[in-house]
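# coords please:
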Amino acid sequence: MKISFHLLSFIWILYSINSIAQNSAGEIVFLKSGMSKIADKNAKIEKLADGFKFTEGPVWHHEGYLLFSDIPANKIFKYFPGEGTSVYMENSGFVGSEITKEGSGSNGLTFDKSGNLIICQHGARQVVKFDRAGNYIPIARQFGGKRLNSPNDVVVKSDGSIFFTDPPWGLAKLDDDPEKELEFQGVYRLKNGSLELVDGELSRPNGITFSPDEDFLYVSNLNGTRKEYLRYDVDENGNIFNKTIFFDASGMKEKGGPDGIKVDKKGNCYFTGPGGVLVITPKGEHIGTIAPPELPANIGWGGNDGKTLFMTCRTGLYSIQLKIEGVRVME
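Prediction:
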């Protein structure tokens, strides 16, 4: 069948509008008009650093720098705008020689209300507090007398309680690993020294964050082939109930699955997933995608005005300046 040049051009335009495949510079895909309130049409995705193995867990410190993990390298790096990156912490996820597999480093990072760094450690299979005096203090290692799987991501609520996810990604054979002691993958709350299981029915819980008003808790989850972003209601005491699927990306064909998640101050959600960072309204509508050249694993808000979105993308660290202010950890 002969296809005219004009028809081919029209098909290509439609493909370009709807495609969210990465290119060498990355791109922003505007699916709905609301995305124009998030990002400028001419906004650029900037590569800040590269040469890493697998980056994760970006968190901004109010003194003007970003920390992020390189999981296989077992290090936390520090990025200072205008100065580049440096090693902030060696042996960030495990200290010792018996673990040689890649994936034993730190993953998710955040700060508590006192400014201590909270670290999810894959190799050591625990959550630790690195205090301002330079001390490592394990704060979650076991549940019900059994070792955690491999704590993945973490968020601190305004009341000081710490919520984290615990999939088996840090175990060499995942569910079949002989070192796995728990029969489930958990979402936990650590409050006043007591560890509580919030949800033990998820297959691969991963990213975790609260809505700006803390009325909702969001958790990303890979459920077989299903790519789900869950939402829980939160009561005035911080208790979690009423789990629902907030956004289902299972039908999206682009590479990438549910991973790190953050929110902005208007309640919009930023979900790393198929094709990049999915921008989802509080009502669950996908309005656009921020697609850096490499697939992002996690994201974090920073910068002096809180409008810089940092993206840890496999071997590189990227950022984009947006129109809207995100919820930063240390505010």
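
# Isn't Gly303 up against His61?
No: Gly303 lies out of contact with His61 (Cβ atoms under 8 Å); the separation is 11.7 Å. Bear in mind the C-beta positions are built from the backbone N, C-alpha and C, glycine included.

# Which parts of the protein are helices?
Listed in chain order, the helices found in the chain under DSSP state H are 5-18.

# what's the nearest residue to the residue most central in space within it if we skip its chain neighbours?
By Cα atoms, centre = their mean, the mean C-alpha position of the chain lies nearest to Gly260, the distance being 1.9 Å. The shortest distance from Gly260 to any residue other than its chain neighbours is 2.9 Å, reached at Asn298 (Cβ to Cβ, 6 or more residues apart in numbering).

# Tally up the residues packed near that neighbour, please.
Burial of Asn298, expressed as a neighbour count using other Cβ atoms under 10 Å, amounts to 28.

# Spell out which residues sit in contact with it, please.
Taking Cβ atoms under 8 Å, 6 or more residues apart in numbering as the criterion, Asn298 is in contact with 55-58, 108, 153, 207, 259-260, 272, 311-312.

# Drop anything exposed from those.
55-58, 108, 153, 207, 259-260, 272, 311-312 (16 or more other Cβ atoms under 10 Å).

# Out of these, flag the one nearest to Ser319.
Met311 (6.8 Å; Cβ to Cβ).

# The closest one and Pro292 touch, don't they?
Yes: the pair Met311 / Pro292 is scored as a contact, 5.5 Å apart, by Cβ under 8 Å.

# which residue sits closest to Cys313, ignoring its sequence neighbours?
Counting by Cβ to Cβ, 6+ apart, the nearest residue to Cys313 once its immediate chain neighbours are dropped is Glu294, at 3.8 Å.

# now Leu109
For Leu109, the closest residue by Cβ to Cβ, 6+ apart turns out to be Gly57, at 4.1 Å.

# can you check Leu182 too?
The shortest distance from Leu182 to any non-neighbouring residue, by Cβ to Cβ, 6+ apart, is to Lys146 (5.1 Å).

# Hmm, the one you found is touching Glu179, no?
No: in this structure, Lys146 sits apart from Glu179 without contact. The criterion is Cβ under 8 Å, and the distance is 11.0 Å.

# Tell me how many other residues surround the nearest residue to Ile162 once chain neighbours are set aside.
If you skip the residues right next to it in sequence, Ile162 has Leu190 as its closest partner in space, 4.3 Å away by Cβ to Cβ, 6+ apart. For Leu190, the number of neighbouring residues by other Cβ under 10 Å comes to 19.

# what bridges to Leu190?
Each beta-bridge partner of Leu190 is listed here, defined by DSSP bridges: Ile162, Leu195.

# And it, how far from Ile76?
Computed with Cβ to Cβ, to the nearest Å, the distance linking Leu190 and Ile76 is 21 Å.

# So the residue nearest to Gly260 versus Glu27, what's the distance?
From Asn298 to Glu27 the distance is 20 Å (Cβ to Cβ).

# And for Asp40?
Here the distance between Asp40 and Glu27 works out to 13 Å (Cβ to Cβ).

# ditto for Gly284
If you measure Gly284 against Glu27 using Cβ to Cβ, the figure is 23 Å.

# Looking at the two, which is more packed in?
Remark: of Gly284 and Glu27, Glu27 carries more neighbours, 21 against 14, as counted by other Cβ under 10 Å.

# wait, the more buried one sits on Ala291?
Yes: contact status for Glu27 versus Ala291: in contact at 5.2 Å, counting by Cβ under 8 Å.

# How confident was the prediction at the residue nearest to Gly260?
With respect to pLDDT, Asn298 scores 98.

# So it versus Gly224, what's the distance?
Taking Cβ to Cβ, one finds Asn298 at 22 Å from Gly224.

# related to what we said a few turns ago, beta-bridge partners for the residue nearest to Gly260, please?
As for beta bridges, Asn298 partners with Thr312 under DSSP bridges.

# Leu117 now?
Partner residues in beta bridges with Leu117: Phe111, Phe130, with DSSP bridges as the criterion.
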